[in-house]
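Colleague: no sequence for this one, just the structure:
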């Protein structure tokens, strides 16, 4: 069965956490991201985030324009999305709320 949790799709619902500060009003957001053809670059809310290839200190992606690190992961069904049990404010994007609720109910 194909759904947004399957790898290989061009657009997925993901958890995105800015490890260096704010992400449009919150420490973290859940929303739709798209990927480059190679999958090594993620596009979210006007940001171009490149994979650190495992070389990040606190994150797995970096916004080279802003110099910030991001933790990006798939949305967890149990709702425990924050990296390393961090207490962060998470906002779910309006256009992602319905799909996020479906994921949580699976």
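Modeller: Ah, there it is. From a predicted model like this one, the values you see are computed outputs, not experimental measurements.
Colleague: So what touches stretch 11-24?
Modeller: 4-5, 27-35, 42, 44-45, 58-59, 67-76, 81-83, 86, 88, 90-91, 96, 99-100, 103 (Cβ atoms under 8 Å, 6 or more residues apart in numbering). Heads up, the C-betas are built off the backbone N, CA and C, glycines and all.
Colleague: Show me how to select, in ChimeraX, the buried members of those residues.
Modeller: ChimeraX command restricting the contacts of stretch 11-24 to the buried ones, with burial defined by 16 or more other Cβ atoms under 10 Å:
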select :4,27,28,29,30,31,32,33,35,42,44,59,68,69,70,71,72,75,81,82,83,88,90,96,99,100,103
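Colleague: Can you show me the helices along this protein?
Modeller: 97-105 (DSSP state H).
Colleague: For it, which residue occupies the most central location?
Modeller: Nearest to the mean C-alpha position of the chain, by Cα atoms, centre = their mean, lies residue 16 at 2.7 Å.
Colleague: Beta-bridge partners for that residue, please?
Modeller: Beta-bridge partners recorded for residue 16 (DSSP bridges): residue 29, residue 72.
Colleague: Equivalent analysis for residue 43, please.
Modeller: residue 34, residue 48.
Colleague: Would you mind measuring from residue 46 to residue 65?
Modeller: Separation of residue 46 from residue 65 (Cβ to Cβ, to the nearest Å): 10 Å.
Colleague: circling back to that earlier point, for the residue nearest to the centre of the chain, report the pLDDT, please.
Modeller: On the pLDDT scale, residue 16 is placed at 95.
Colleague: Grab the nearest non-local neighbour of residue 88.
Modeller: Nearest residue to residue 88 in three dimensions, chain neighbours excluded: residue 27, at 3.7 Å (Cβ to Cβ, 6 or more residues apart in numbering).
Colleague: wait, that neighbour sits on residue 71?
Modeller: No - taking contacts as Cβ atoms under 8 Å, residue 27 lies outside contact range of residue 71: 10.3 Å.
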